[in-house]
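K.L.:
need coordinates for the following:
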Amino acid sequence: MRRLDTTRIVVATHNKGKLAEISELIAPYGLEAKSAGDYGLPEPPEDGTTFEENAYTKAFAAALATGLPALSDDSGLCVDALGGEPGVHTADWAEKPDGSGRDFLMAMRTVEDRLQEQDATTADKRAGRFVAVLCLAWPDGHAEYFRGEVEGTLVWPPRGDRGFGYDPVFKPDGYDQTFGEMSAGEKHAWEAGRGDLGLSHRARAFAKFATAMLEPA
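P.N.:
Predicted coordinates:
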């Protein structure tokens with residue numbers, strides 16, 4: 001495994017919600033991070049069939065353009081009753097028909113409509129998970145991957161206005177609140193150097209990344 005040997009990295013995302021979460025997670029390590037948007041980089045097409053493929057596409061494009069290691073995140077909601085959808089198309093389900101941006105309330109409504117079509121009206125039929133894959137890529141094409149998952153249940157109607165994306169309809173196993181009702185601290189439930197897995201999918205992926213890349217060898 002190649003270790004990170006610089007404090008300067010690029011966070012390969014244009015998603016403000018993801019950038020805020022990743023920035024909060026890396027802050028204790030003193031990393032100097034700018035986003036792909038700060039560098040004026042375009043968003044590469046995410047046409048991979050796995051989270052790993054899409055994460056690499058974003059990270060390598062940013063690394064190649066800036067000459068710095070780049071950290072990307074590809075994540076999504078996988079619902080059992082929907083055959084794992086929306087999966088890698090999680091963000092696509094939120095695209096407005098007129099192409100003017102993303103509407104996650106519409107996307108959450110689409111998930112619920114599909115669940116109703118499958119007669120998934122009880123909690124035991126509404127299981128799913130959030131998946132996050134972090135990819136750290138270097139300009140020479142080398143990459144390391146870190147995957148985190150959290151199991152939960154899809155609820156309706158949406159609850160809470162915190163977080164972003166599908167957070168208001170996802171209740172992690174063992175908790176009464178949705179991610180949309182939790183503070184950032186409750187959702188991440190992880191601190192640098194503690195070694196915990198964390199609660200959210202992104203925190204769990206980051207815990208693996210931090211252990212491998214940022215903690216003393």
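
K.L.:
which residues in the chain form helices?
P.N.:
16-26, 51-66, 104-117, 184-188, 201-213 (DSSP state H).

K.L.:
would you turn those helices into TSV with mean neighbour count and mean pLDDT?
P.N.:
Using the backbone N, CA and C atoms, a C-beta is placed for each residue, glycine as well. Supplementary listing: those in TSV, determined by neighbours: other C-beta atoms under 10 Å; pLDDT from 0 to 100:
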stretch	mean neighbour count	mean pLDDT
helix 16-26	18	81
helix 51-66	22	97
helix 104-117	16	98
helix 184-188	17	82
helix 201-213	22	90
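
K.L.:
next, format those helices as JSON lines and append distance to residue 167.
P.N.:
Listed next are those as JSON lines, based on distance: least, C-beta to C-beta, whole Å:
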{"stretch": "helix 16-26", "distance to residue 167": "9"}
{"stretch": "helix 51-66", "distance to residue 167": "18"}
{"stretch": "helix 104-117", "distance to residue 167": "9"}
{"stretch": "helix 184-188", "distance to residue 167": "8"}
{"stretch": "helix 201-213", "distance to residue 167": "11"}
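
K.L.:
just give me the residue closest to the centre of this structure.
P.N.:
Note on the chain: the residue nearest the mean C-alpha position is residue 75, at 3.8 Å, using C-alpha atoms, centre = their mean.

K.L.:
now that one: closest residue in space, sequence neighbours ignored.
P.N.:
In this structure, residue 75 finds its nearest non-sequential neighbour in residue 132, 3.9 Å apart by C-beta to C-beta, 6 or more residues apart in numbering.

K.L.:
so the one you found makes contact with residue 147?
P.N.:
Yes - contact criterion C-beta atoms under 8 Å: residue 132 and residue 147 qualify, at 7.2 Å.

K.L.:
so what's in contact with the two at the same time?
P.N.:
Listed as contacting both residue 132 and residue 147 by C-beta atoms under 8 Å, 6 or more residues apart in numbering are 51, 205.

K.L.:
ok, the residue nearest to residue 75 - contacts?
P.N.:
Applying C-beta under 8 Å, 6+ apart, the residues near residue 132 are 51, 73, 74, 75, 147, 148, 149, 200, 201, 202, 204, 205.

K.L.:
try 7 Å this time
P.N.:
Taking C-beta atoms under 7 Å, 6 or more residues apart in numbering, we find residue 132 in contact with 73, 75, 148, 201, 202, 205.

K.L.:
what of residue 40?
P.N.:
Here residue 40 is in contact with no residue (C-beta under 7 Å, 6+ apart).

K.L.:
check residue 214 too.
P.N.:
When contacts are counted by C-beta under 7 Å, 6+ apart, residue 214 touches 4, 29.

K.L.:
number of residues surrounding residue 176?
P.N.:
Counted with other C-beta atoms under 10 Å, residues neighbouring residue 176 total 7.
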